[in-house]
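**Student:** any chance you could fold what I've pasted below:
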Amino acid sequence: MSTLSEQQLAELRAEFQKDPMGSRATKAILRLKEKGCDPIIVLAYAGRVAGYKSGNHGVAMHKRGPQDSARHLRAIKCQLRKLAKRTVDLRRIWGLWGRMVEADCVHIPEELEEIANRLSRIQIKGYADWHPQRESLLDLLDHVRSSTGRYHYGEVSDIINGEMTWRAMKYGQPLPEFEYDLDNMKMMVQRWRKADRASIAKLSAPGPNEAQSISSATATNR
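**Tutor:** Purely as a prediction, here's the structure:
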């Protein structure tokens, strides 16, 4: 949260307008406004895109991918089961069993096994499919297209770059190294939409058993 006074913010806005990123962003917003876009909605979406520290041009929000997460879960389950076995060995020691009962620890091996079993039921597949930054960018582009008839990648790129620059100046952070432009934004959006279509097609495709049933039914009808 910024602790700047109104005077400091006013000076910072003037400095931002002199910055090439700020100047281009302002001109881009005005152009989209003339074409029918609501500048408040555009800036709100741009703020959401710029607000995520790790974006979809990298690993998009998630520090661990599905495979990495699956490996960590397997390691945790293995450690839990090893601890359960070691605790069972302690429970077999004469005299220690009674102390474990008094401490309400006698059932810890079974509880550890139950936790490991519950971790085994976690479905990893698809958890990283939702990327807030990506969805915000696509929402912004859809709003621009529905308002103007075109995506206007160049103007949207300038607005997001300006928003990232403004946030860096406002909060005293380094200026962003990554910059959107017409080409890389268009490429990203096309890649995302292609991946979405592939995911939908994969979900809609019949499974092995279902495919076999369809094949059998087709052969019978013949």
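**Student:** the closest residue to residue 112 other than its chain neighbours: which element?
**Tutor:** Nearest residue to residue 112, sequence neighbours excluded (C-beta to C-beta, 6 or more residues apart in numbering): residue 84, at 3.9 Å. Quick note: C-beta positions are derived from backbone N, CA and C, even for glycine. Using DSSP states H and E, residue 84 sits in helix 66-91.
**Student:** list of residues touching the next helix or strand after that helix?
**Tutor:** With elements assigned by DSSP H and E, the helix or strand that comes after helix 66-91 is helix 96-102. For helix 96-102, contacts defined as C-beta atoms under 8 Å, 6 or more residues apart in numbering pick out 90-91, 106, 108.
**Student:** returning to what we had before: which ones are touching the residue nearest to residue 112?
**Tutor:** 108-110, 112-113, 116.
**Student:** do you know the pLDDT at residue 164?
**Tutor:** You'll see residue 164 listed with a pLDDT of 91.
**Student:** residue 165 - how many residues pack around it?
**Tutor:** A total of 21 residues lie near residue 165 under the criterion other C-beta atoms under 10 Å.
**Student:** hang on, it packs against residue 16?
**Tutor:** Yes. Contact criterion C-beta atoms under 8 Å: residue 165 and residue 16 qualify, at 7.1 Å.
**Student:** shared neighbours of these two, anything?
**Tutor:** Common contact partners of residue 165 and residue 16 (C-beta under 8 Å, 6+ apart): residue 22.
**Student:** tell me the pLDDT at the most centrally placed residue in the chain?
**Tutor:** Centroid check for the chain by C-alpha atoms, centre = their mean gives residue 131 as the closest residue, at 3.0 Å. Note for residue 131: predicted pLDDT of 74.
**Student:** residue 91 versus that one, what's the distance?
**Tutor:** Separation of residue 131 from residue 91 (C-beta to C-beta, to the nearest Å) stands at 47 Å.
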